[in-house]
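In: sequence below, structure please.
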Amino acid sequence: MATALLVMDVQVGIVARYADDPALVERLRRAIDAARAASVRVIYVVVGFRDDYAEVSPNNRSFSAIAQTRAFAGTDTNREVHHDSAPQAGDIVVTKKRVSAFAGSDLDMVLRAQHIDHLVLSGISTSGVVLSTIRQAADLDFRLTVLADGCADGDPEVHRVLMEKVFARQSDVVTIDQWIDSLREDS
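Out: Down below sits the predicted model:
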């Protein structure tokens, strides 16, 4: 079986909201480079919609608010993966329609087709895509690792509690440096 690094919601419009941690994208770049060097599949997960937001129900508070701003549809630059961590040939890009990386996407099909059973999670935000994805991935019986400093949240205390008390029950929580060291040990 195999491992994949999931880089979730690291899009121009989302990264811009996390200016208080400008080194986040640089740290993620190191993790991405290390994954590629170790032949670990890199999968980008982005949120995106049709131009008319046909996927967005008015009953969904979060996504109907996004639809009102007209962001993350079609070719909107907010939707693009941040240029400092952009996909390269051989990487996979999955488009999701809700918070979890699995919701409205073909992620599970891609993972199964690639015989991937271990997910290494990173992304923005810890209390959004990372939390929702780890919960669903655990229920789907994936082995899980979370890169603590490869995730960001608008609330540092929420980030800390999730990493120390919630995620640690379902995954290994490590730093990017620790994960990179483990890749070197495995090769």
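In: contacts and neighbour counts: CA atoms only from here.
Out: Noted.
In: what does stretch 66-77 contact?
Out: With contact meaning Cα atoms under 8 Å, 6 or more residues apart in numbering, stretch 66-77 is reached by Val12, Gly13, Val47, Gly48, Phe49, Arg50, Asp51, Asp52, Tyr53, Val56, Asn78, Arg79.
In: closest to Met1 among those residues?
Out: Distance to Met1 across the contacts of stretch 66-77 (Cα to Cα) is lowest for Val47, with 27.4 Å.
In: and the helices in the protein?
Out: All helices of the chain, identified by DSSP state H, fall at 12-15, 24-37, 61-69, 107-113, 131-139, 156-161, 176-186.
In: buried residues in the last one?
Out: In this case it means helix 176-186. Residues of helix 176-186 classed as buried: Ile176, Trp179, Ile180, Leu183 (neighbour count, 16 or more other Cα atoms under 10 Å).
In: tell me which of the helices of the chain sits nearest to Leu147.
Out: helix 176-186 (5.7 Å).
In: sorry, back to before: can the buried residues of helix 176-186 go into a markdown table with extra columns for pLDDT and distance to Pro87?
Out: Below are those laid out as a markdown table (pLDDT from 0 to 100; distance: Cα to Cα, whole Å):
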| residue | pLDDT | distance to Pro87 |
| --- | --- | --- |
| Ile176 | 98 | 19 |
| Trp179 | 98 | 20 |
| Ile180 | 97 | 19 |
| Leu183 | 94 | 20 |
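In: just those residues now: which is nearest Arg169?
Out: Taking the buried residues of helix 176-186 together and measuring to Arg169 by Cα to Cα, the closest member is Trp179, at 18.1 Å.
In: ok, for that closest one, nearest residue in space, not its chain neighbours?
Out: Excluding the flanking residues, the one nearest Trp179 by Cα to Cα, 6 or more residues apart in numbering is Leu147, at 7.6 Å.
In: next, count neighbours for the one you found.
Out: 22 (other Cα atoms under 10 Å).
In: tell me the bridge partners for it.
Out: Val174 (DSSP bridges).
In: got a list of what it touches?
Out: If you count contacts by Cα under 8 Å, 6+ apart, then Leu147 has Val120, Leu121, Ser122, Val173, Val174, Thr175, Ile176, Trp179 around it.
In: now with 10 Å, please.
Out: Counting by Cα atoms under 10 Å, 6 or more residues apart in numbering, Leu147 makes contact with 5, 28, 31, 120-123, 163, 172-179.
In: any chance of a PyMOL selection covering the buried ones in those?
Out: Buried members of these, defined by 16+ other Cα under 10 Å, are picked up in PyMOL with:
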select buried, resi 5+28+31+120+121+122+123+163+172+173+174+175+176+179
